[in-house]
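**Q** sequence below, structure please.
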Amino acid sequence: EDRVAIIGAGRCNDIDLGQIIKGVGKLIIVDKDLEAMKGAIKQYELSANPKIECLTKNIIGLSVQDYRQYAEHMVSAVRRKGLATSIESLVQIALVEINTLVSQMIISRWEKGQFDVVITIGLHSQLLSMIEWIWQVILQTLGKQEETVRQYLMNVNEKLVCALNTAILEATTKKWIVGCELER
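**A** Below you'll find the model as predicted:
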């Protein structure tokens, strides 16, 4: 029977684990948040099911501390001049901070052929969502609009998506089921 992996599973709010587990030999849910995965297993009453396994893996390698540091640096830059902060200089600071984060990113790899089927729902659009969310909060605080950083993040995300897709395809022997946003 197939080994099915749900990569970026989180709490599995978009996936009915109870239905999926019925037709698989092994269900591996993969996410960086073990507590979220345990919550999903509990929600679907699968705690005693020997066919389910949690695999804790950080898809892009950034930690909560990395995001916190980025946010602290951005907030610190804004605090210097408050609402008089120059958006142009703030963009430059954000790009430097983002490049620091990008240099720390490591796309997860799995063993070749580790899974028969892989399911990803909304994974690709979430890779850099925390970085963008922090930037949007900073802009909202200042009452500003700006697209340079968002566009840069979209370009970085495209490269991450290519690397992630390669890793997933190498790990998959039969089928990859992808659910994604067509537009935002």
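**Q** residue contacts, the residue nearest to residue 167 when sequence neighbours are not counted?
**A** Among residues not flanking residue 167 along the chain, residue 109 sits closest, at 5.2 Å (Cβ to Cβ, 6 or more residues apart in numbering). C-betas here are computed from N, CA, C, even on glycine. Shown in contact with residue 109 (Cβ atoms under 8 Å, 6 or more residues apart in numbering): 167, 170, 171.
**Q** where does residue 171 fall, phi/psi-wise?
**A** Dihedral angles of residue 171 (phi, psi; degrees, to the nearest 10) stand at phi -90, psi -10.
**Q** tell me the spacing between the residue nearest to it when sequence neighbours are not counted and residue 94.
**A** The spatial neighbour of residue 171 that comes closest, neighbours along the chain excluded (Cβ to Cβ, 6+ apart), is residue 110 at 3.7 Å. As defined by Cβ to Cβ, to the nearest Å, residue 110 lies at a distance of 32 Å from residue 94.
**Q** same check, this time on residue 56
**A** 30 Å.
**Q** residue 86 too?
**A** Going from residue 86 to residue 94 by Cβ to Cβ gives 12 Å.
**Q** between those two, which one's more packed in?
**A** Higher neighbour count among residue 86 and residue 94: residue 94, with 25 against 9, using other Cβ atoms under 10 Å.
**Q** after the lowest-mean-pLDDT helix or strand in the chain, which helix or strand is next? Please name it.
**A** Sorted by mean pLDDT, DSSP states H and E, the helices and strands of the chain end with helix 123-126, the least confident at a mean of 89. Counting by DSSP states H and E, the next helix or strand C-terminal to helix 123-126 is helix 129-142.
**Q** any idea of the mean pLDDT for that next one?
**A** Mean pLDDT, helix 129-142: 95.
**Q** tell me, what residue is most central in this protein?
**A** Computing the C-alpha centroid of the chain and ranking residues by Cα atoms, centre = their mean puts residue 127 first, at 3.5 Å.
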